[in-house]
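*Asks:* kindly return the folded structure for what I paste below:
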Amino acid sequence: MTVYTRSADGLLSYALVTSPTDPLNASTDKDPVVGRLNITVGRDVTAAAYCRKITVKIPIGAGAAELTTVNTDDIKQSVTGGTAPDQGNGWTATATAEGNKRVFTFTPGRAPQFTGQWAVTLVISQIPINKVVGKPVIEVIEESSPTNGNFTAKTTTIVVDKAPPGFLFRNLRPSKIMVPNGDPVTLTWEVQNARCTMYWDDQPGADVSKEPRWTSPALHNTTAFMLQAVSAEDASFIHTLTTAVTVDKPDLEIRNLEIGGIAKIMAGGVVHSLTVTMKEPKTMQFSTDGMIFGNSNKGHELEFAVRRSAGSYTLNFGKGEYFCFPVPQDADVVVKTSPMGGSGPYPSSTFFFVPFGFGGPI
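*Replies:* Residues are numbered from 1 along each chain as shown. Below you'll find the predicted structure:
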């Protein structure tokens, strides 16, 4: 699972992927874990920004709030991408110890302009993960500017999960992404050392720990599913996955009908079709919590920026990739294609919104 984040005042966006597992596992004496952080910078920016330097600080120690006990050159750093003249003309990567932090500095040959059409990945590898489950916080400090001057430091924090040893939870998949009205769907996933509960509609949740396979009841409306895994080793560690299945010719359940010149239909379970073109970003708001799902199958990537006062995040989906993610009611959702623009005609991409309550796009 990719972790997307940006700070309130930061100009750049960040996407974190960990390996060899996601989330990382804490080490044991018998099974030491050597981890890697890939931090992709600048894939989603709302406005062009120049960058003079990026610094990453990792907490060092043996506890839950630290990632590793090592603060030496045994940890390696490098950069993928950024070799083109307009993308930094090559980046250098150095590291040093500063108290209880390992500090990595990534510097371009010259300040590039991030436009959202390209990205660079900061790689920190050969990290011996410590033995305590927790959620270390790393700092990413960008020296950026909307112009090629007056650079200022802006800090973004990213949480890196350290799961209990042996914890694995990934690949939640429906047997079909669309079923006829009245048919069930079978969901499968991969899991180790965890207890799982399936949630859907307004149901209280079903224990699905016996095997990584579950068949739903008959579906009459497009349905969002949330699968929650609780570590068998440490009940405080919880991880969730989501997906959704559409229903062909769904039931229409009318709850309120208000007529005052305009008829308003408040319907639960309805799928709302949404479209974005390559011309410009599209901003959406919704009158209820729900889920967005679809497939970026039009030969270009899709980027969703979910912005809210409680925190923002960005999701990037490659060509032909299926996606499904929750959207809170208080969010502004900005979607755009990549690449974007041109002189037209503008190809479009369609995706869907499933309301959890009664409502839809505003």
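
*Asks:* end to end, how far does stretch 97-111 reach?
*Replies:* Chord length of stretch 97-111, first to last residue, is 25 Å (C-alpha to C-alpha, to the nearest Å).

*Asks:* next one: stretch 104-116
*Replies:* Using C-alpha to C-alpha, one end of stretch 104-116 lies 24 Å from the other.

*Asks:* give me the buried positions along that stretch.
*Replies:* Residues 104-108, 111-114, 116 are the ones in stretch 104-116 that count as buried (16 or more other C-beta atoms under 10 Å). (C-beta placed from N, C-alpha, C; glycine too.)

*Asks:* give me the sheet partners of the helix or strand hosting Thr350 and which way each runs.
*Replies:* Following DSSP states H and E, one finds Thr350 within strand 348-355. According to DSSP bridges, strand 348-355 has the following sheet partners: strand 272-277 (antiparallel), strand 290-295 (antiparallel).

*Asks:* Thr223 is nearest to which of those?
*Replies:* The closest of these to Thr223 is strand 290-295. By C-beta to C-beta, the value is 9.6 Å.

*Asks:* show me what whatever helix or strand comes next after that closest one is packed against.
*Replies:* Heading C-terminal from strand 290-295, the first helix or strand you meet, by DSSP H and E, is strand 301-307. Helices and strands touching strand 301-307, as assessed by 3 or more C-beta pairs under 8 Å, 6 or more residues apart in numbering; DSSP states H and E, comprise strand 313-317, strand 322-327, strand 332-338.

*Asks:* could those strands go into JSON lines alongside mean pLDDT?
*Replies:* Supplementary listing: those in JSON lines, determined by pLDDT from 0 to 100:
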{"stretch": "strand 313-317", "mean pLDDT": "75"}
{"stretch": "strand 322-327", "mean pLDDT": "73"}
{"stretch": "strand 332-338", "mean pLDDT": "85"}
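
*Asks:* of all those strands, which one is nearest Asp22?
*Replies:* Among those, the nearest to Asp22 by C-beta to C-beta is strand 313-317 (15.2 Å).

*Asks:* give the other helices and strands that that closest one contacts.
*Replies:* If contacts are counted by 3+ C-beta pairs under 8 Å, 6+ apart, strand 313-317 sits against strand 3-5, strand 301-307, strand 322-327.

*Asks:* 7 Å - rerun?
*Replies:* Helices and strands touching strand 313-317, by 3 or more C-beta pairs under 7 Å, 6 or more residues apart in numbering; DSSP states H and E, are strand 3-5, strand 301-307.

*Asks:* got the contact list for the closest residue to Ala64 other than its chain neighbours?
*Replies:* Sequence neighbours aside, Gly134 is the residue nearest to Ala64 in space, at 2.7 Å (criterion: C-beta to C-beta, 6 or more residues apart in numbering). Going by C-beta atoms under 7 Å, 6 or more residues apart in numbering, Gly134 touches 63-65, 162.

*Asks:* give the buried subset of these as a ChimeraX selection command.
*Replies:* In ChimeraX, this line selects whichever of those come out buried by 16+ other C-beta under 10 Å:
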select :162
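
*Asks:* just the contacts of Gly134 now: which is nearest Glu190?
*Replies:* When the contacts of Gly134 are compared against Glu190 (criterion: C-beta to C-beta), the nearest one is Lys162, at 19.3 Å.
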